[in-house]
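[1] the following block contains a protein sequence and its predicted model.
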Amino acid sequence: FRALAGWAGRLQVQQLSQQQLLQWFQVQFCLSDAAVQLPELRCVGLPSQLLLAAHAAWARDLSGQRLTAFHREVHEALQQASPGRRSRLNVALDGPLVVDVALPRKRSLARSDRTAIQLETPDMFAANPPHAALGPTAARWRALQARGWQVLSLRYSDWCRLKSPEDQARYMWHIKEASVTRTPLAPEVVQVVRQQQGSSSSRPPKSLTQQLWRLLVD
């Protein structure tokens, strides 16, 4: 890490793009987070000129964030799944952390009741199977979990496979109720539930875990 910081000191900051500066800001943030468990990292950091430029890039990026159609569709599906309980969008935390969708807190639970749904696009994962999360994506998950958030990862590719608002609402209901960490239920689970329930019933299944394991075994 010291060698990395020393090399960074030789960079021409004015030649770095906005995206490159954002990545350097994430590096500093990850170092600061890691220093909580590894005190020897507290003396390691980016050069002051690079850190200031990276922080300014992050501030510009944060102020320019806009809600996408993906955000709006997920928010509407959550409202339909749980009327009267309003989720929050683009909740800024410390450093570069932003919770895409923050679910309402449950009064009966303690610190671990905070749930973040991260809306993730294909560029956040490896192109080849098993499509593992890339470094920045995994780092955000770890940072949120370290702050007491349960993290649910909702991929745009999965969301696009849900054809109707009803399917989307049902999918979000199961995400909230299943307490799945990092990886939400596949859309196939929602489809199986819908077929088993029939058109006359809207009650959720009694054992969603059993249906998920059945899909995996099959």
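    Cool, got the structure. Numbers count the residues shown, from 1 in each chain.
[2] contacts, neighbours, all on C-alpha from now
    Will do.
[3] pull up the gap between the nearest residue to residue 91 once chain neighbours are set aside and residue 125, please.
    Excluding its sequence neighbours, the residue lying closest to residue 91 (CA to CA, 6 or more residues apart in numbering) is residue 99, at 4.9 Å. Distance, residue 99 to residue 125, using CA to CA, to the nearest Å: 18 Å.
[4] and residue 153, how many neighbours does it have?
    19 (other CA atoms under 10 Å).
[5] what about the residue nearest to residue 91, how many residues nearby?
    21.
[6] does residue 54 really touch residue 24, like I thought?
    Yes. Contact status for residue 54 versus residue 24: in contact at 6.3 Å, counting by CA atoms under 8 Å.
[7] what's the helix or strand containing the residue nearest to residue 91 packed up against?
    Per DSSP states H and E, residue 99 falls inside strand 98-102. Strand 98-102 sits against helix 69-81, strand 88-92, strand 114-120, with contacts defined as 3 or more CA pairs under 8 Å, 6 or more residues apart in numbering; DSSP states H and E.
[8] tell me which strands that strand pairs with, and in which orientation.
    Sheet pairing here is set by DSSP bridges, and for strand 98-102 it gives strand 88-92 (antiparallel), strand 114-120 (antiparallel).
[9] JSON lines for those strands, including distance to residue 63, mean pLDDT and mean neighbour count?
    Below are these laid out as JSON lines (distance: least, CA to CA, whole Å; pLDDT from 0 to 100; neighbours: other CA atoms under 10 Å):
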{"stretch": "strand 88-92", "distance to residue 63": "10", "mean pLDDT": "86", "mean neighbour count": "15"}
{"stretch": "strand 114-120", "distance to residue 63": "19", "mean pLDDT": "88", "mean neighbour count": "21"}
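[10] need those in JSON lines with distance to residue 49, can you?
    Output for the strands paired with strand 98-102, formatted as JSON lines (distance: least, CA to CA, whole Å):
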{"stretch": "strand 88-92", "distance to residue 49": "24"}
{"stretch": "strand 114-120", "distance to residue 49": "31"}
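[11] still on that earlier bit, tell me what angle the strand holding residue 99 forms with helix 69-81.
    30 degrees (axes from the mean of the first three to the mean of the last three CA atoms, to 10 degrees).
[12] how far away from the center of its chain is strand 98-102?
    7 Å (CA atoms, centre = their mean, to the nearest Å).
[13] again, but for stretch 97-107
    With CA atoms, centre = their mean, you get 10 Å for stretch 97-107.
[14] ok, and for that stretch, which residues are buried?
    97, 98, 99, 100, 101, 102, 103 (16 or more other CA atoms under 10 Å).
[15] farthest-apart pair in the residues you listed, please.
    97 and 103 (16.0 Å; CA to CA).
[16] follow-up on the earlier one: TSV for the buried residues of stretch 97-107, including distance to residue 5?
    Listed next are these as TSV, based on distance: CA to CA, whole Å:
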residue	distance to residue 5
97	22
98	25
99	29
100	31
101	34
102	34
103	38
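[17] thanks again, I'm all set now.
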